[in-house]
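Colleague: fold the following, please.
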Amino acid sequence: MCLYQTRRTELSFKTKHTFLKTVDRLPEGTTWLCERFEAVGDEVDEDGQPRVETLELWRRDPVDCIRELLGNPAFREMMRYAPEKLYADPQGQERMYGEMWTGDWWWRLQSMLPEGATIAPVILASDKTTLSRFSGDKSAWPVYLSIGNIEKATRRKPSMRATVLLGYIPVSKLECFSQKSRRKVEGFRLYHECMRALLEPLIKAGRDGVEMVCADGRLRRIYPILAAYIADHPEQCLVTCCQENFCPKCPVSPNERGEPKEGPLKKADDVDAVLRAAVEGERREEFEALGLRPVQPFWCDLPHSDIFSCITPDILHQLHKGVFKDHLVSWATKCADKGSTEIDRRFRTMTRHPELRHFKKGISLVSQWTGTEYKNMEKVFLSVIAGSTDAAVVRPVRAILDFIYYAHFELHTDNSLAKMKQAWLDFHHSKDIFVVRGIRSDFNIPKVHSMEHYVASIRLLGTADGYSTEGPERLHIDFAKHAYDASNKQLSYTEQMTVWLNRQDAVFRFDAYLAWSGLMPEPSSTDDSEPLHDARLSGEQPLPCVSESARTQDVEGTKSSRAPVRRDEGSRDGAQLASQASSAVAAPGKKLKKIERYGYAIADKPARAREAVAFLFQHHGATDFAWCLNDYLLRLATSHTTDPAAASLARNRHLPIHDLTRLPVFHRFDILLPRVRQVTTLPILDTVHASPARPAQGTKPAVPARFSTVLVDEPHALGGQRTRFSAEEPLKNLRIAQVRAIFQLPASHRNTGTPSDEPLAYVEWFTRLQVYDQTVGMYSVARSTRQSRRNASIIPITAIVRTCHLVPIFGQAVDTRWTPETALESAPRFFVNPYVRHHDFVLFRLLGNASEARTARSS
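Modeller: Numbers count the residues shown, from 1 in each chain. Model (predicted):
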């Protein structure tokens, strides 16, 4: 019996070769095909014949790829088959734009197709990438495909495989041509020939439709139509057949891109006619005016497709790297009174926050920039530049940052799009200061001009976060670099990459099948993935959402009305939140359960079980801790009785707190940021710190103190009722404080069953949010004092709403004695930073600006 069991557990293969053969017998996905192209050059070989270069296009059938995506049961709850109109108000006056099915493109196209047609919006992405690590010139040019029926959060996850590899465009220097300019033109033609071969199956399928079984088990007639193309600016120009100093979307002249002129997009049919004439040798006037290249575009025969509306915003390259880093930072730094030296000093002095990278050497010495560095610079750049130059320079900086943050929204309304457009106009109205200073002579910059098309693109295809080029760049790791590493890196490396990818796909499919069939248990999931919905945690409540949905007729015969149907979206959002909560919050289930129950999560055991009050005074800076705690205990003792005699007796029984009193002290606790649909529908942890500095020990470096600044519900902190959030007054009753200590009352002072069991915090208050700087667009605060001492209180930690970031108001020159650790103690005034997180931007800028404007009008 033992021998039988042993043999049953033996592997079914003995060598690597037999293992790979076993994998090759698993069911495969879409088959890889190789199509060869010949480039006949003007160079001649030894025999006097024109040199010919053979190029290989490795591709898969896009219709089969779409069939697999639509039929994947893993996407059943993440799929839409018809367009919807979402509204932020019950009256249906304010549209909401998020997923592709909420945009106007799908609605317009649905009315042009036959009754019962279901659209599969095809999303393409391409980007050339290097494969060689330290030497060599091996490159790959992957083309990726996804569909707009799948929600964007799923498409962005590489592990979900909602974006598939469609093919590899051949990469060649085309040395069979003698002149560099000729090689460049032939390279453009090669790209379009390969893309035409890749997408040729979409022509008939997009015109006549194809019957496919979808993830919900229904049979539908699918029309796969090119809807979006994700690429950086050079590749956008390659796709649209124009030169790189022209706009790939609209016919504006290169010399007129610097002004805010909203115009129509190029017309695909007109451009196609001009290109056809150019290929035949006729150069029309429009050819030069539009800056076209003499190639036959791949998109001219694709049905119902307009390539110029397909080009999507590229937040990473256009905004973060282009407009902000390459241009705005350089211009603003040159305008600073002491140039880059002063800017670097301010970055080095910047106060810390968990969501903020600290540039300890400034920014001028950073040699390799990534998207992370750009985003962290944006969080504090306005605060850095304020004071170092005049207000005329600050205004365009603020406008650009506001535009970038609005562009990142995962859900827009007509109101937020109007503010986004206003930020774009504000930049153009204030940008002339850079001309006055002699920094720029014009603003005919392609990436600055690209901002003009963001609002229209969002209304058409949904929010820009669904089309970020960061996604394809991440996919290069799985579909190009890892595949290349698995090859022998010789001439046939592309073919070997396809074999490796086939095997990876087969194993993934088999694993998914085993999990679906129950033959292999799925990874254990915790119960904490249930939606966390609590008025205490919600803060900004999600926008009300009503939708209109166009229904389609299934091929099976199940028919529903094509008239718009209004329905509530709330139930599905809850299910979506439940299915993704565990992946959105990097925290154990126990922590989330605590937050759901209490509104916070704190360690079961304190960092210091019996710490003296004198230690808090010395190491936490809690100078008035004993006095504040005594006052809190007196108020607590008399708050549960209305009898004067009983209240007097309670005060007499109160045991006073002194310097030797010992109590449990914690160094941190967690809360949840409010669920804001413009940012994310998933719960995000926010950690409040109150830990003293730790000296260096051996090889371990010293750790600076961390005392978080937080937004506090002031009435609740002082014993009153919680403030109910209102979008009309989002900052009502919120006040900033710094947490100096987190603790529990000693056992001798606890009264089980009363609020005295909750953890408490010793906080030092700042002045209320009453002073607003119109130029910078930030509130300014200072330390609050009482009788020449810092105003402090003991508050329950449930009164803390979220952390916030305070930036010292540096003035014309930063005090050289300040450091990141001392600036919060030494600076006289601070800006409340609305850019540290997108949550804060929604609170202080999107909602807070409206509140401030109403206050200004009323006054």
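Colleague: what bits of this structure have low per-residue confidence?
Modeller: Along the chain, the model assigns pLDDT under 70 to residues 1-9, 520-589, 638-655, 750-756, 849-859.
Colleague: if we go to 80?
Modeller: 1-12, 134-136, 367-368, 516, 518-591, 635-655, 747-757, 848-859 (pLDDT under 80).
Colleague: ok, then the element right after the longest helix that it contains?
Modeller: Ranked by residue count and defined by DSSP state H, the top helix of the chain is helix 180-208. Using DSSP states H and E, the next helix or strand after helix 180-208 towards the C-terminus is strand 210-213.
Colleague: and that next one, what other elements does it pack with?
Modeller: Contact analysis of strand 210-213 by 3 or more CB pairs under 8 Å, 6 or more residues apart in numbering; DSSP states H and E lists helix 62-71, strand 219-230 as its packing neighbours. For every residue, glycine as well, the C-beta is placed using N, CA and C.
Colleague: pairing partners for it, with directions?
Modeller: Strand 210-213 sits in its sheet next to strand 219-230 (antiparallel), going by DSSP bridges.
Colleague: the strand it pairs with versus helix 180-208: what angle between them?
Modeller: 160 degrees (axes from the mean of the first three to the mean of the last three CA atoms, to 10 degrees).
Colleague: elements contacting the next helix or strand after strand 219-230?
Modeller: On the C-terminal side of strand 219-230, the nearest following helix or strand under DSSP H and E is helix 233-239. Applying 3+ CB pairs under 8 Å, 6+ apart, one finds that helix 233-239 makes contact with helix 446-450.
Colleague: list of residues touching the helix it packs on?
Modeller: 233, 244-247, 252, 257-258, 313-314, 317-319, 322-323, 326-327 (CB atoms under 8 Å, 6 or more residues apart in numbering).
Colleague: in which helix or strand would I find the residue nearest to Gly206 when sequence neighbours are not counted?
Modeller: Spatial nearest neighbour of Gly206, chain neighbours left out: Pro303 (4.2 Å); criterion: CB to CB, 6 or more residues apart in numbering. Assigned by DSSP H and E, Pro303 belongs to no helix or strand.
Colleague: what about Pro303, distance to Gln236?
Modeller: 22 Å (CB to CB, to the nearest Å).
Colleague: what does Leu70 give?
Modeller: 28 Å.
Colleague: same deal with Thr680?
Modeller: From Thr680 to Gln236 the distance is 28 Å (CB to CB).
Colleague: so the two - more neighbours on which side?
Modeller: Gln236 (25 against 19; other CB atoms under 10 Å).
Colleague: residues touching that one, list them.
Modeller: Per CB under 8 Å, 6+ apart, neighbours of Gln236: Tyr229, Pro248, Ile311, Asp314.
Colleague: surely the third one and Asp232 touch.
Modeller: No. Between Ile311 and Asp232 no contact is recorded; they are 10.9 Å apart, counting by CB atoms under 8 Å.
Colleague: the two - which one has more neighbours?
Modeller: Ile311 (26 against 20).
Colleague: pull up the distance across stretch 806-818, start to finish.
Modeller: Using CA to CA, to the nearest Å, the end-to-end distance of stretch 806-818 comes out at 15 Å.
Colleague: what comes into contact with it?
Modeller: 337-338, 342, 345-346, 349-351, 380, 383-384, 386-388, 709, 736, 766, 780-781, 823-824, 826-833.
Colleague: Provide a list of residues in contact with the nearest residue to Thr130 once chain neighbours are set aside.
Modeller: Computed as CB to CB, 6+ apart, the closest residue to Thr130 that is not its neighbour in sequence is Ser139, at 5.4 Å. Counting by CB under 8 Å, 6+ apart, Ser139 touches Lys128, Thr129, Thr130, Leu131, Ser132, Val171.
Colleague: chain center to stretch 472-482: distance?
Modeller: Centroid separation for stretch 472-482 versus its chain: 19 Å, with CA atoms, centre = their mean, to the nearest Å.
Colleague: what comes into contact with it?
Modeller: So stretch 472-482 is in contact with 125-127, 129, 131, 140, 142, 144, 158, 163, 165, 230, 497, 501, going by CB under 8 Å, 6+ apart.
Colleague: how does it look with 10 Å?
Modeller: With CB atoms under 10 Å, 6 or more residues apart in numbering as the test, stretch 472-482 has contacts from 124-131, 133, 139-144, 156-159, 161, 163-165, 168, 230-232, 316, 371, 468, 483, 497, 500-501, 504.
Colleague: any idea how far the residue nearest to Gly206 is from Val40?
Modeller: Using CB to CB, Pro303 is found at 32 Å from Val40.
Colleague: what about Thr54, neighbour count?
Modeller: 10.
Colleague: what's in contact with stretch 281-292?
Modeller: Contacts of stretch 281-292 (CB under 10 Å, 6+ apart): 237, 240-248, 250-254, 266, 270-271, 273-278, 293-294.
Colleague: tell me which residues of that stretch come out buried.
Modeller: Neighbour counts over stretch 281-292 (16 or more other CB atoms under 10 Å) mark Glu286, Phe287, Leu290, Gly291, Leu292 as buried.
Colleague: looking at these, which one is closest to Ala761?
Modeller: Compare each of those with Ala761 using CB to CB and the shortest gap goes to Gly291, at 61.5 Å.
Colleague: name the nearest residue to the closest one, sequence neighbours excluded.
Modeller: That would be Phe246: by CB to CB, 6+ apart, it lies 3.6 Å from Gly291.
Colleague: isn't the one you found right up against Val271?
Modeller: No. If you go by CB atoms under 10 Å, Phe246 and Val271 don't touch, sitting 11.6 Å apart.
Colleague: shared neighbours, those two?
Modeller: Thr240, Leu290, Leu292.
Colleague: which strand residues bridge the last one?
Modeller: With beta bridges defined as DSSP bridges, Leu292 has these partners: Cys242.
Colleague: if we can go back for a sec, of the contacts of Ser139, just the buried ones, ChimeraX syntax please.
Modeller: Buried members of the contacts of Ser139, defined by 16+ other CB under 10 Å, are picked up in ChimeraX with:
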select :128,129,131,171
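Colleague: Ser135: neighbouring residues, count only.
Modeller: There are 6 residues near Ser135, going by other CB under 10 Å.
Colleague: confirm it sits in a strand?
Modeller: No. Looking at Ser135 with DSSP: H, G, I helix; E, B strand; the rest coil, it is coil, so not inside a strand.
Colleague: so it versus Lys489, what's the distance?
Modeller: 11 Å.
Colleague: please enumerate the shared neighbours of the two.
Modeller: With CB under 10 Å, 6+ apart as the test, Ser135 and Lys489 reach no residue in common.
Colleague: backbone dihedrals for the residue nearest to Thr130, both of them.
Modeller: phi -140, psi 160 (degrees, to the nearest 10).
Colleague: just the contacts of stretch 806-818: which are in helices?
Modeller: Per DSSP H, the subset of these in helices is Glu342, Arg345, Arg346, Thr349, Val380, Ser383, Val384, Ala823, Leu824, Ser826.
Colleague: which of those lies closest to Gly209?
Modeller: For the ones in helices among the contacts of stretch 806-818, the nearest to Gly209 is Val380 (52.3 Å; CB to CB).
Colleague: list the contacts for the closest residue to that closest one other than its chain neighbours?
Modeller: With sequence-adjacent residues excluded and distances taken as CB to CB, 6+ apart, Val380 is closest to Met350, at 5.5 Å. Contact partners of Met350, counting by CB under 10 Å, 6+ apart, are 356-360, 379-380, 383-384, 805, 807-808, 810, 814, 818, 820, 823, 833.
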